[in-house]
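> just the structure for this:
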Amino acid sequence: EFRRVLFRSLKSFNHKFIMKQMKKSIARQIAEFSDQLKYEDLPEEVINEVKRYMYDSVGCAYGGYHTKDLNIIRDIYKEMGGKGEATVLGFGDKLPAVNTTLINSLMVRALDFNDIYWKDDPSHPSDIIPAAWAVGELVNANMKDVIVAIVLAYEFEQRLCLFAKPGIRERKWHHATLTQFVSPVVAGKLLGLSVDEMVNAIGISGCHNHTIGCPTAGKLTMMKNTVDPMAVQSGVFAALMAKKGYSGTERVFEGKEGFMDAFIGWDAKTESMKPTDMEGRDGISSWAWDIEALVGGLGESYKIMECGMKAFPTEALTHTHLSCLLKAMISNDLEYSDIKEVKVTCFAQAYDILFDPTKYRPESRETADHSLPYCMAAAMVDKKITTESFSDEKLNDPRIFEVIDKIKGEPSQEFEKMFPAKQPSRVVVTTNDGRTFEEYLEYPKGDPREPMSMEDLENKFNSLAGDKFDATTKTQIKETIFNCEEMSARKFMESLNV
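Reported below is the predicted structural model:
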């Protein structure tokens, strides 16, 4: 009897606590923190980390400069024309800020080589950096304000990856669904929106940018890299709407038929948790939400310090596997022709994404860089993975298809329990003469626990920039990014033109 009474008391206390917290909407809590955050509040290591991610993102953009999808979008907007409010990175075109946001975001994203944060959900927070660049130019902000906006991008994008339990990816939705709530905050901060206006901006964007999971499932298309930049662009437009007085749904997260209600695990009538057993991508689990992860402890630390960078231009979950394979191949002086079988043990989520049957015969760059069999076959042939691994020529390299079917995957429930704290991989390479070589890793290069050094970043940037610049100019761009505080956003963006 005592235990029953105690349980009821705890349940009642928990409900009252949540209700007290929820009197102020989630969107308003986000808006208030964003409104108050100032450059002077940021620790030096956070400011430096923003610069590292800008440097990485600019390099990724230079690498994505030539891609067909990027140039289709750029051509459309050039034909449309409009007021020259912001700079298309590298090209130097002047176009409306909303349109420039999409072009630059896609340019950063095009090679799938930009940053990665993966907890309950994955995300690429640097997709949102171009919103800060474009709106910064629009209002002629200084780069200190742009840096603050970028901190907010990482803060709330990464917190949203901890919000849904399990993540919305498990519920068959794409992480662009999360970005729609963040990009209006970034744009709104630079537009100088009031708290009420920013609440409206979040509500406007959050009403219409929910993205289904198919862009990253099965046979992939150009939309794989485009849906998140589209959510970034939409947030900029939402912030501009709010600036003009447009209203949006304040309780877009917790209200009736809002995000949490629609995505299950929440009682909108009482605005309280309602864990519900549902079947997702990986089986039945209890769907719920973690409000504390989204808005608790804001300002105590900064999420950007927990984000990761990519050492390979491939889907994030391929990285530990590729590192294992390359170590086995290079350390033992193996050639692709020596290999009888490669057995990859991975956690279930990775297996579902990376070993889909369509991944064994990719017909596009978008499918190939999300195909572990293809990436490993290319690594076996060339003993490296670069952006050139996904060229049209390489996609038709017969050597890759000599070995791709030798790569076998198996999901591990033991490894699944280790994720997302770790991304374990076991790779066993068996040669034609019967030798076996086994490698095991728990996280890849670029993970916050194994961060990319400044030398690693420079090498990545210089490789991506290629022959667009000479060595002196590449160094000048680096120096500009790492000493940008006193620059205007306009001058900063002009300095990055090819």
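
> okay, the closest residue to Ala368 other than its chain neighbours: pLDDT?
Using C-beta to C-beta, 6 or more residues apart in numbering and skipping the chain neighbours, the partner closest in space to Ala368 is Pro362 (4.0 Å). For the C-beta atoms, the positions are set from N, CA and C on the backbone; glycine is no exception. With respect to pLDDT, Pro362 has a value of 93.

> what number of residues lie near Lys172?
Neighbours of Lys172 under the rule other C-beta atoms under 10 Å: 12.

> from what I can see it touches Gly280, true?
Yes - contact criterion C-beta atoms under 8 Å: Lys172 and Gly280 qualify, at 6.8 Å.

> let me know the secondary structure of Gln423.
coil (DSSP: H, G, I helix; E, B strand; the rest coil).

> number of nearby residues for it?
The number of residues packed near Gln423 is 25, by other C-beta under 10 Å.

> contacting residues for it?
Taking C-beta atoms under 8 Å, 6 or more residues apart in numbering as the criterion, Gln423 is in contact with Trp118, Leu317, His319, Thr320, Phe347, Ala350, Glu442, Tyr443, Pro444, Asp447.

> which residue packs closest to Leu395, ignoring adjacent ones?
Ala368 is the one closest to Leu395 (C-beta to C-beta, 6+ apart), at 6.1 Å.

> and the pLDDT for the one you found?
94.

> next up, the contacts around it.
Ala368 sits next to Pro362, Tyr374, Cys375, Ser389, Phe390, Leu395 when contact means C-beta under 8 Å, 6+ apart.

> in those, which residue is surrounded by the most others?
Each of the contacts of Ala368 was scored by neighbour count (other C-beta under 10 Å); the top score is that of Cys375, with 30 neighbours.

> ok, it to Val344 distance?
Look at Cys375 and Val344: by C-beta to C-beta, to the nearest Å, they are 11 Å apart.

> for Gly248, same thing?
In this structure, Gly248 and Val344 are separated by 45 Å, where distance is defined by C-beta to C-beta.

> before we move on, what about Ala379?
In this structure, Ala379 and Val344 are 12 Å apart, going by C-beta to C-beta.

> mean confidence score for the longest strand seen in the chain?
Secondary structure of the chain per DSSP state E: the longest strand is strand 339-347. Along strand 339-347, the predicted local confidence has a mean pLDDT of 96.

> list the buried ones in the helix or strand that that strand is followed by?
On the C-terminal side of strand 339-347, the nearest following helix or strand under DSSP states H and E is helix 348-354. Judged by neighbour count (16 or more other C-beta atoms under 10 Å), helix 348-354 contains these buried residues: Ala348, Gln349, Ala350, Tyr351, Ile353, Leu354.

> identify the farthest-apart pair in these.
Ala348 and Leu354 (10.9 Å; C-beta to C-beta).

> counting by contacts, list what the helix or strand that contains Leu322 packs against.
In this structure, Leu322 is located in helix 319-331 according to DSSP H and E. Under the contact criterion of 3 or more C-beta pairs under 8 Å, 6 or more residues apart in numbering; DSSP states H and E, helix 319-331 touches strand 339-347, helix 372-382, strand 425-431, strand 436-441.

> the inter-axis angle of that helix versus strand 339-347?
Orientation note: helix 319-331 sits at an angle of 150 degrees relative to strand 339-347 (axes from the mean of the first three to the mean of the last three C-alpha atoms, to 10 degrees).

> average pLDDT across helix 319-331?
If you average the pLDDT values across helix 319-331, you get 95.

> that helix: which residues count as buried?
Neighbour counts over helix 319-331 (16+ other C-beta under 10 Å) mark His319, Thr320, His321, Leu322, Ser323, Cys324, Leu325, Leu326, Ala328, Met329 as buried.

> same check, this time on stretch 61-68
Using 16+ other C-beta under 10 Å, the residues of stretch 61-68 that count as buried are Ala61, Tyr62, Gly63, Gly64, Tyr65, Thr67.

> so what's the fifth one up against?
Think Tyr65. For Tyr65, the contacting residues are Gly90, Phe91, Met107, Lys468, Val498, taking C-beta under 8 Å, 6+ apart as the criterion.

> any weak-confidence spans in this protein?
Low-confidence segments of the chain, defined by pLDDT under 70, span residues 1-22.

> residues making contact with stretch 342-351?
With contact meaning C-beta under 8 Å, 6+ apart, stretch 342-351 is reached by 169, 281-282, 317, 321, 325, 354, 372, 376, 380, 406-413, 415-416, 418-419, 423-430.

> pull the most distant pair out of the buried residues of stretch 61-68.
Farthest pair in those (C-beta to C-beta) is Tyr62 and Thr67. Separation: 11.3 Å.
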